[in-house]
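Asker: Build the 3D model from these lines:
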Amino acid sequence: MDVSVRLREIDEDNWMDVVFLSTEDEEMPRICEKYVASNALSIVQAVYEGTWNVRAVYCGKCPVGFAMFGYNKEHDLYEICRLMIDRKHQGKGFGQIALRLVIEEILSLEECEEIYLTTNPENVKAKRMYERCGFVNTGKMLGQEELYCWSMEKY
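Answerer: Residues are numbered from 1 along each chain as shown. Prediction:
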């Protein structure tokens, strides 16, 4: 496993690379993919809603994924609302490393006891990864997605 995986600010030098990362085998990314909103939509959402942090996931000098996280005012909780690894880089452990890095960054920015995320009930691979990283299915739904919680008490 390459330990040089890190989160990086999205800026004028890398935003286009991040926009074109995709979880699907399509030539061009769509606004909504099967399990996640597109990175382009997420970046725009972060700009206009103002409460979200967006980060590119890099392995060395190569962008391999995207994360969006912050305080969800509507539901009064800290949330990782997007985490994706490009289809060419899936299955290499980048998602698990990125998820742990996002948790660390949230904890460094905010005082919180719990971090939430949601996932499509059919996204079995993501659910397994979330559980390996300490997230627990709450048994609740947020819209059409299952709600998972990571608790500081367990760590």
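
Asker: Which strands or helices does the longest strand along the chain pack on?
Answerer: Longest strand in the chain, counting residues (DSSP state E): strand 62-72. Of the remaining helices and strands, those touching strand 62-72 by 3 or more C-beta pairs under 8 Å, 6 or more residues apart in numbering; DSSP states H and E are helix 15-19, helix 39-49, strand 52-59, strand 77-85, helix 94-109. Yep, even glycine has a C-beta here, placed from its N, CA and C like the rest.

Asker: Show me the contact partners of the very next helix or strand once past the longest one.
Answerer: Right, helix 94-109. Using DSSP states H and E, the helix or strand that follows helix 94-109 in sequence is strand 114-119. Contact partners of strand 114-119, identified using C-beta atoms under 8 Å, 6 or more residues apart in numbering, comprise 35, 72, 75, 77-81, 83, 103, 106, 126-127, 130, 135, 142-143, 145-152.

Asker: and the longest strand of the chain, average pLDDT?
Answerer: Averaging pLDDT along strand 62-72 gives 96.

Asker: just stretch 25-38 next, same as before
Answerer: Per-residue scores along stretch 25-38 average to 73.

Asker: Just give me the neighbour total for Gly65.
Answerer: Here the count is done by other C-beta atoms under 10 Å, and Gly65 has 26 residues near it.

Asker: An error on my part: the question was meant for Glu33.
Answerer: Neighbours of Glu33 (other C-beta under 10 Å): 17.

Asker: Surely it is in contact with Glu24?
Answerer: Yes. In this structure, Glu33 is within contact of Glu24 by C-beta atoms under 8 Å, at 5.2 Å.
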